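Colleague: Provide a 3D model corresponding to the input given below.
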Amino acid sequence: MIRWIAPATLPGGLRIQGSWSVNWVNNAQPYEAVIARLPQGRGDLAEVLTSRTFTIGEQQAAIPVDVIVPVVNQGDVIVVSGRPTADHPWYIYFSDALTFTHNCPSVVFAAPTEPLVSVREGESASLEITGQLVPDLAPFAASLRWHRDGTPVMDGVSPEGAVISGATTTQLSIANAKPGDSGHYVLIASNSCGQSHSGQATLAVYPLDSFQWKRSADWTTPPPSAAGTSHGNPDDDQLGVPVWHFLYSFGGRVDSGNPWYLEAATPMVWDPSWYGSSGAWAVGNDLNPPIGQSGLTDNRVDSAGRIPVVHWEAPIDLPEPLHVSGTISVGWSGGGDQALNRAPMEVVIAHTRGGVDLARYSSTFFRLNCSSWSCLPWTWVAPIQFSFSGVQKGDRIVVSGRCLTAAEGYPQHGWTTLGDDLNFSYSCSPVEIDLGEPRYTLGSNVLFVAGVRPLAEQPSFTWLRNGQPVDIADPRYFITNSPTTSELYISPSVEGEAGTYSCRVQSACGSIEIVAGQVEYCLADYNHDAAVDGDDVISFFADWDPNSIEADIDNSGGVDGDDVILFFHRWDNGC
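Modeller: Numbering: from 1, shown residues only. A predicted model of the protein is given here:
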């Protein structure tokens, strides 16, 4: 018997691996081997971890062993031993080649399914990260918990009003997401060995009413990098999450078949060595930075004849127009030939999808045609104000400028720069609802009409009675909808239809609920002619006398004198 005594408690337990074998000499009796755990040496509580009976046919065979000891406390004893199963006349040799390893598995996470999830306020979002316990050992299954910006996430209703579920699973669901739910989410797995952290998943929840990004103001400090080694960084909005994914690249050649700003691009990088260590966007094979503190530079010194382009990638669908406003400026310079640099610059701001130009603003800016150093202005500043409609998630807004070429009659070209102070803004028009005056038709039917202004997306209408949706299958209700209106007809038969009626309108820009009116039925107006008079008495007794159920106005299940008393009480007091 061989005994090992645990010197300390081992979180994660112990793993015993290797092989054992038996050799016989003049003996054919089977041999039983065992590995057991004795809690703090108490043999009466021995826990058999694994055992095996060796036969003569397995003489000197190395039999593999792989045993997990899930619980090991200080003072526990691990025993390896063997015995013949019957009396034997000669020798049996038992040996092992075992190793003991402190087993502490950890979770290895895959990258987030979607590193950046963008939704509109009120929509649902889902974040998912999968992981695997390595080694994959069931006794050490880890507990999971999502964290947002370092704070644990709990199931239930968040302080912002979102409904959260899956906080302890690999998939986190956030219904009715609010801008306050935006942030960086990490999944943490914990077991007795410690914690494992997943990669970061970012959730961006955009307000329903509006958001904007002023590029010159919302710039964030790029990470230090050497030219040619990174692609820069996204810009952030007031929520601290990317509104428009910022990309910088060289467009194609001016003489290419496609629009020059849609050609294949070479990513730019941040070079902190320019502008007295202030930094500038640069490209590895071009000594002249194409963007810095002043703006884009069409540097035709680049032998490839390529043009610098800035891209913004839309994070969500925009059902209403994206507004572009601010100013752009074009400046002419060019070292020793500044006075001769007169090539006009063509400026483009375009909406593209999948490399296809959908819409664009373009203008050509001219410098005064002169050859003196005193020629002014050297810079034109132009106000910009226009909109792009139908922008979808993944679409790009590109900004670029290029000097006209010799083929276009302007051979003199130095360095011409394009700067911008642009503001990208989006305002989702709030839902507006106009309720028509309730109209009463024959039989005291009630008609409510709700109408909305035309929206970019067709709204949905929901009618409610006392806060609950009306049952459209009930024949007493009839609803008709058009793209901008909804009508609710009510055909009352008993008092059960009385109540407060409202209309809820939902669109991509949000929802609104407005009370349409109060419906109160007047029992005194028994014949429903909008007047309380003797005709109502005649109509009532026309039903009461033959015991018609319509005369059971107290809803007792029978027609009797109590209905007469109740009717005249209502009739005397009017509606």
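
Colleague: show me what stretch 534-541 is in contact with.
Modeller: 524-527, 529, 551, 567, 571 (Cβ atoms under 8 Å, 6 or more residues apart in numbering). For the C-beta atoms, the positions are set from N, CA and C on the backbone; glycine is no exception.

Colleague: can you show me the CA trace of it as PDB?
Modeller: What follows is stretch 534-541 as a C-alpha-only set of coordinates in PDB (Å, rounded to 0.1, in the frame of the first residue of the first chain):
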ATOM      1  CA  GLY A 534     -92.300  59.100 -23.300                       C
ATOM      2  CA  ASP A 535     -91.200  57.100 -26.300                       C
ATOM      3  CA  ASP A 536     -88.600  55.500 -24.100                       C
ATOM      4  CA  VAL A 537     -91.300  54.400 -21.600                       C
ATOM      5  CA  ILE A 538     -93.300  52.900 -24.500                       C
ATOM      6  CA  SER A 539     -90.300  51.000 -25.800                       C
ATOM      7  CA  PHE A 540     -89.400  49.700 -22.400                       C
ATOM      8  CA  PHE A 541     -92.800  48.300 -21.600                       C
END
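
Colleague: what residues of that stretch count as buried?
Modeller: Using 16 or more other Cβ atoms under 10 Å as the test for burial, stretch 534-541 gives 536-537, 539-540.

Colleague: as TSV, those with pLDDT, distance to Ser491 and secondary structure would be great.
Modeller: What follows is the buried residues of stretch 534-541, written out as TSV (pLDDT from 0 to 100; distance: Cβ to Cβ, whole Å; DSSP: H, G, I helix; E, B strand; the rest coil):
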residue	pLDDT	distance to Ser491	secondary structure
Asp536	86	20	helix
Val537	89	24	helix
Ser539	87	18	helix
Phe540	87	20	helix
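
Colleague: format those residues as a markdown table; extra columns: distance to Arg83.
Modeller: What follows is these, written out as a markdown table (distance: Cβ to Cβ, whole Å):
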| residue | distance to Arg83 |
| --- | --- |
| Asp536 | 106 |
| Val537 | 109 |
| Ser539 | 106 |
| Phe540 | 104 |
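
Colleague: farthest-apart pair in these, please.
Modeller: Spatially, the most separated pair among those is Val537 and Ser539, at 7.4 Å (Cβ to Cβ).

Colleague: residue closest to the middle of this protein?
Modeller: Nearest to the mean C-alpha position of the chain, by Cα atoms, centre = their mean, lies Val117 at 2.9 Å.

Colleague: residue contacts, that one?
Modeller: By Cβ under 8 Å, 6+ apart, the residues touching Val117 are 125-127, 201-204.

Colleague: mind running it again at 10 Å?
Modeller: Residues near Val117 by Cβ atoms under 10 Å, 6 or more residues apart in numbering: 125-128, 174, 177, 182, 185, 201-205, 241, 315.

Colleague: next: Ser362.
Modeller: Per Cβ under 10 Å, 6+ apart, neighbours of Ser362: 259, 261, 346-350, 401.

Colleague: please pick the buried ones from those residues.
Modeller: 259, 261, 346-350, 401.

Colleague: so which of those residues are in strands?
Modeller: Here DSSP state E is the test, and the buried ones among the contacts of Ser362 give 346-350, 401 as lying in strands.

Colleague: which member of these is positioned nearest Asp96?
Modeller: The nearest one, if we look at those relative to Asp96 and count by Cβ to Cβ, is Ala350, at 73.9 Å.

Colleague: returning to what we had before: quick check: the residue nearest to the centre of the chain is in a strand.
Modeller: Yes - judged by DSSP: H, G, I helix; E, B strand; the rest coil, Val117 forms part of a strand.

Colleague: so it bridges to which residues?
Modeller: Beta-bridge partners recorded for Val117 (DSSP bridges): Leu203.

Colleague: now it: how far from Thr169?
Modeller: Going from Val117 to Thr169 by Cβ to Cβ, to the nearest Å gives 16 Å.
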